[in-house]
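**Student:** Would you be able to build a 3D model of this:
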Amino acid sequence: MFGNRPEPVLKTEHSVSGRSIFGAQYPPLSSKLADKSIQFKPNMSKKKDQEKFNAYSINTDDAWEIDDRAMTLRILDKNDDDDDDLAISKQKVEEVAASKFAQQQKSTNVRRPNLSTNSSSTSSSGLGSRRTNDQFNTKTSLQTQYTSNNNASSSSTTKNTKLNVNTIMDVNQQKENKFKQLFDQSTVDLNELRKASWNGIPKPYRPQAWKLLCGYLPPKIERREDTLTRKRDEYWSYVSQYYHTRTDSEHQDTFRQIHIDIPRMTPLMPIFQQIVVQQLFERILFIWAIRHPASGYVQGINDLVTPFFVVFLSEFIENDTDIENFDINSLSESDRRVIEADSYWATSYLLEGIQDNYTFAQPGIQYKIRTLEELIKRIDEPLYRHLKNQHIEFLQFSFRWMNNLLMRELPIRCTIRLWDTYLAEQDGFSHFHLYICAAFLIRFSKDLLREKDFQGLLLFLQNLPTHSWTSNDISILTAEAYQLKVMFADAPRHLSNT
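**Tutor:** Predicted coordinates:
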């Protein structure tokens, strides 16, 4: 959390170069791996497999440049002595998750009542709200998913739909009332705010709630104006002090990599192709890299600024404005400066908890990938065996999940909803994200089991069909992940393979 003391300035005599990270297409394996590292069996030992991989390479466009000289991942030794194999079925997880939501629907407590598809409470206006009618767009509400009767008459179905809509409106209103009650207090109860935020924050309250949950905004109202003014001035003093050094020989590699990466992020949203927005991101990322030389800038960090920018931008525009096509130049310079400074401090809070993901050799990501593999082995062994039989290594697809917090796999509206939960959950970005990834992979278990070769599996894992997902899908995902966390709380040995 941000305190009143100024952030210490970390200096180094070495250059802080931006380091390339390794995309999901190619795992960062190298002949320089130490003897203690795991010696993988060759994935492409047969000519047929090599041909499959070559075809896959041709047909897959990866978002990142690969530089094997930049870094070598040191794979942790496997521990085969773990006798605590737990037989937890996917069906059981879904049943418990469904039961959990059914109980919440009946309760007047709005702790985790996110059953809404209303954009005013569960999604950001204009953030890829388009819908498709393919087979993956099947969940219009949690109520219809768990209570739909296929044999009901059309009139009964219409009646039930109206009841569901009314229920959703009631839940949304309860949620907004809860947040209004919290924010009307002279001192916000952060514990109650976390409980209320876990299953989604209403859009009008999200910017303020995120700042509070990041520790950027003080709970006491009388301290907020002075704190915000001081922190925003502090950020701009960093810009004045450091940003002109971006062309110096010791920093030019870092800035060059940032400058290359920013146009690539969220390329389908026109707002991120605006020069003013790209310059805003360049300043945030460069200042953070200079002040954190232990990691510097690593590809993937640029994506993590995006949700904060979009949420804090929403404070200055109308609710029905299309953010995707919003012209940032229509805002005053003072408003843009506020958005930029707030985005910097919120991003700093996030990275503070996961910085070991981006230090040399990225040990945090290595550990999470190993742990994810152990979880899937226990939760869905058929899927685990299927991936192994087809020579799929978890490193090949889940590296990007950990490095970018699933931002390349989910629409931005869903990422924002997911981050409501991450910010409300203790160690959400560093610990709970692991269970989210496990639940996310299991969600596509049946589809993956239908793929019978290496190329089909990896292509599917690189292009998961989430484009039509809504906040309801995220609510189900977080519930399933929560159940996994609870189920494994008394069996910590699956996390001890260090």
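**Student:** Against Leu304, how distant is the residue nearest to Trp469 when sequence neighbours are not counted?
**Tutor:** Nearest residue to Trp469 in three dimensions, chain neighbours excluded: Cys414, at 5.1 Å (C-beta to C-beta, 6 or more residues apart in numbering). All C-beta atoms are positioned from the backbone trio N, CA, C, and that covers glycine. Using C-beta to C-beta, to the nearest Å, Cys414 is found at 15 Å from Leu304.
**Student:** re the thing from before, contacting residues for the residue nearest to Trp469?
**Tutor:** Cys414 is in contact with 466, 469-471, 473-474, counting by C-beta atoms under 8 Å, 6 or more residues apart in numbering.
**Student:** And what about it, helix, strand or coil?
**Tutor:** Here Cys414 takes the helix state, with states given by DSSP: H, G, I helix; E, B strand; the rest coil.
**Student:** For His467, see how far away it is.
**Tutor:** 10 Å.
**Student:** do Phe397 as well
**Tutor:** From Phe397 to His467 the distance is 18 Å (C-beta to C-beta).
**Student:** Stretch 349-367: which residues count as buried?
**Tutor:** Neighbour counts over stretch 349-367 (16 or more other C-beta atoms under 10 Å) mark 349-351, 354, 356-358, 362, 364-367 as buried.
**Student:** Farthest-apart pair in these, please.
**Tutor:** Greatest spacing in the buried residues of stretch 349-367, by C-beta to C-beta: Tyr349 and Gln366 (23.4 Å).
**Student:** now Pro219, nearest residue through space, not along the chain?
**Tutor:** Val188 is the one closest to Pro219 (C-beta to C-beta, 6+ apart), at 4.5 Å.
**Student:** The one you found and Leu182 touch, don't they?
**Tutor:** Yes - look at Val188 against Leu182 with C-beta atoms under 8 Å: they come within range, at 5.7 Å.
**Student:** I'd like to know how many residues surround Val311.
**Tutor:** 25 (other C-beta atoms under 10 Å).
**Student:** any idea which element it lies in?
**Tutor:** helix 301-313 (DSSP states H and E).
**Student:** What's the first helix or strand after that helix?
**Tutor:** helix 333-353.
**Student:** the inter-axis angle of the following helix or strand past that following helix versus helix 333-353?
**Tutor:** Using DSSP H and E, the helix or strand that follows helix 333-353 towards the C-terminus is helix 363-379. Interaxial angle of helix 363-379 relative to helix 333-353 (axes from the mean of the first three to the mean of the last three C-alpha atoms, to 10 degrees): 60 degrees.
**Student:** tell me which residues of helix 363-379 are tucked away?
**Tutor:** Result for helix 363-379 [16+ other C-beta under 10 Å]: buried residues 364-379.
**Student:** Also stretch 171-182?
**Tutor:** So for stretch 171-182, counting by 16+ other C-beta under 10 Å, buried means 171-172, 175-176, 178-179, 182.
**Student:** Ends of stretch 404-421, what's the gap?
**Tutor:** 17 Å (C-alpha to C-alpha, to the nearest Å).
**Student:** tell me the mean pLDDT for that stretch?
**Tutor:** Stretch 404-421 carries an average pLDDT of 96.
**Student:** swap in stretch 318-326?
**Tutor:** 82.
**Student:** do the same with stretch 203-215
**Tutor:** 96.
**Student:** Cheers, nothing more for now.
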